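>>> for reference, the sequence and a predicted model appear below.
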Amino acid sequence: VIVQTHRIGDLAVAAMPFEVFAEIGLELKQRSPIRPLMNISIANGSHGYLPTPAQHKLGGYETWIGVNKVQIDASVKMVDALIEMLGELHKEKP
């Protein structure tokens, strides 16, 4: 899937094509080297819900096949990729 980061002045934007859980957005904001950070869900597509591995263990509608179309650790991989991308943006001067 396509994930994106953008920088507009001092503002960073992280975008994912999922309905992300609050924990994911909070982790992104906590780990981001650029603040403030705005998270955008359902960006450039919609691939269903994106639960965390902990939410998968709990089960529930958002983890069912059909509404969740990615592997259990997909949120971890996407957050790590976005943080790396934000790090690259942080190195550049606005």
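Done, it's in.

>>> now do the strands in this structure.
Applying DSSP state E to the chain gives strands spanning 4-8, 11-15, 19-20, 37-40, 49-50.

>>> how about residues contacting the fourth one?
Contacting residues not belonging to strand 37-40 are listed as Leu11, Ala12, Val13, Ala14, Ala15, Met16, Val20, Ile24, Gly25, Leu28, Lys29, Leu86 [C-beta atoms under 8 Å, 6 or more residues apart in numbering]. (Glycine included, C-beta is placed from N, CA and C.)

>>> again with stretch 63-73
By C-beta under 8 Å, 6+ apart, stretch 63-73 touches Val1, Phe18, His47, Gly48, Tyr49, Leu50, Pro51, Pro53, Gln55, His56, Tyr61, Glu62.

>>> sorry, back to before: so which of the strands of the chain is the most surrounded?
strand 49-50 (a mean of 22; mean count of other C-beta atoms under 10 Å).

>>> check the offset of that strand from the chain's centre.
10 Å (C-alpha atoms, centre = their mean, to the nearest Å).

>>> that strand pairs with which strands, parallel or anti?
Each strand paired with strand 49-50, and its direction, by DSSP bridges: strand 19-20 (parallel).

>>> would you map the helices across the protein?
22-31, 53-58, 74-91 (DSSP state H).

>>> in the second one, what's buried?
Going back to what we said before, that points to helix 53-58. The neighbour-count check on helix 53-58 (16 or more other C-beta atoms under 10 Å) flags Gln55, His56 as buried.

>>> thinking again about what came up before, dump the helices of the chain to JSON lines, plus mean pLDDT.
Listed next are the helices of the chain as JSON lines, based on pLDDT from 0 to 100:
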{"stretch": "helix 22-31", "mean pLDDT": "97"}
{"stretch": "helix 53-58", "mean pLDDT": "94"}
{"stretch": "helix 74-91", "mean pLDDT": "97"}
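
>>> with distance to Ala43 added, can I get those in TSV?
Formatted as TSV, the helices of the chain follow (distance: least, C-beta to C-beta, whole Å):
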stretch	distance to Ala43
helix 22-31	13
helix 53-58	21
helix 74-91	11
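
>>> which one of these lies closest to Arg7?
Closest approach to Arg7 among those (C-beta to C-beta): helix 74-91, 4.7 Å.
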